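>>> Provide a 3D model corresponding to the input given below.
(one chain, ligands or ions: 1)
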Amino acid sequence: MNYRHAYHAGNFADVVKHVVLTRLLEYLKQKDKAFRVVDTHAGIGRYDLSSAEAQKTGEWQGGIGRLIDAPFAAPVAALLAPYLETIRSLNPEGGIQKYPGSPLIARHLMRKQDRLTAIELHPKDAARLRTFFAGDFQARIIELDGWLALGAHLPPKEKRGLVLIDPPFEEAGEFDRLVDGLIRAHKRWPGGIYALWYPIKDRKAIIAFRKALKQSGIPKLLDIEFEIRPASLEPSLDGSGLLVVNPPFTLEGELRTLLPALHRLLAVGRPAHWSLEWLAGEQA
Ligand code: SAM
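Residues are numbered from 1 along each chain as shown. Below is the predicted model of the structure:
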């Protein structure tokens, strides 16, 4: 386990993933009934953008660094508000020094009846997360393999909520594990919302991934692709994808408003495209 998210926190891919996460949470909050967020690859929760790791790559400057003070038109600003407000709450002195990871974003937007299960395999990261959430009875931190958690921790007793699956993609076979894990999880909890992150680097792997998803029999799959540059000759993160299973009916419309605005700010090379495609259900 060499992957350290501190090098990448707040980059364009985090921005897209976390904005979608906030829209899913806001949807779940429309009903009073409690929900649970299960974050299978949680990371450390809070990232210092002045750290040696963040400074080394400077990736956050091409992500949240471009958003934090950007002017947005009214509908986009309203949709981004929960995300940007979460970040501002972590940086009360203004500017951007700290960036929230997915468990922190979920925890910030949850209500008193909602719960978070954050799973992290790296012992040091799990320990940091546990310290961070010490005494918080709404957050449960578990040091465990996230793929196992998809079996053991689903369905949650609330029977409402969201599973974020955000693996590091440092080992071969991660796309296969995503499909297998999703199929297993969906069998245990067909009604849950799932968000699965993947890198846009290896186009052949993505074609196979999308084909396997279409054949999975899972009935509602909305795929978001967000490229910031055309395909590089050397393998590099040219974009990121997020597959949403059982997306709320509001999500597609919101993303059709949000993604063009984010793309104008975050794309660095042309041609680069973003897309929303139903792999199953709706207009597939
Ligand atoms: N979800 C986080 C966020 O959005 O802020 C970022 C997570 S980062 C991309 C992936 C994390 O998964 C790393 O912290 C890594 O230590 C952890 N990890 C790697 N393999 C894992 C596994 N099998 N189960 C759970 N966590 C794992």
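>>> What residues does the residue of the chain found nearest the ligand make contact with?
Scanning the chain for the residue nearest the ligand gives Gly101, at 2.8 Å (criterion: CB to the nearest ligand atom). For every residue, glycine as well, the C-beta is placed using N, CA and C. Taking CB atoms under 8 Å, 6 or more residues apart in numbering as the criterion, Gly101 is in contact with 5, 9, 42-47.
>>> And it, its phi and psi?
Here is the backbone geometry of Gly101 (degrees, to the nearest 10): phi -90, psi 180.
>>> In terms of pLDDT, where does it sit?
With respect to pLDDT, Gly101 has a value of 98.
>>> For this protein, what lies in contact range of the ligand?
Applying CB under 6 Å from any ligand atom, we find that the chain lies next to the ligand at 1, 3, 5, 17, 41-43, 101-102, 119-122, 125, 145-147, 166, 168.
>>> Could you tell me which of those are located in strands?
Here DSSP state E is the test, and these give 119-120 as lying in strands.
>>> Now the buried members of the residues of the chain next to the ligand.
Buried members of those, scored by 16 or more other CB atoms under 10 Å, are 5, 17, 41-43, 101-102, 119-122, 125, 146-147, 166, 168.
>>> On the three-state scheme, Thr117 is what?
strand (DSSP: H, G, I helix; E, B strand; the rest coil).
>>> That one: what's it in contact with?
Contacts were defined as CB under 8 Å, 6+ apart; by that measure Thr117 touches 36-39, 140, 142, 149, 153, 156.
>>> Can you lay out the residues you listed as TSV showing distance to Leu279 and pLDDT?
As requested, these are exported to TSV (distance: CB to CB, whole Å; pLDDT from 0 to 100):
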residue	distance to Leu279	pLDDT
Arg36	25	98
Val37	23	98
Val38	22	98
Asp39	23	98
Arg140	32	97
Ile142	30	97
Ala149	24	91
His153	25	92
Pro156	25	97
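>>> Now render those as TSV, adding secondary structure.
TSV is the format used below for these (three-state DSSP):
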residue	secondary structure
Arg36	strand
Val37	strand
Val38	strand
Asp39	strand
Arg140	strand
Ile142	strand
Ala149	helix
His153	coil
Pro156	coil
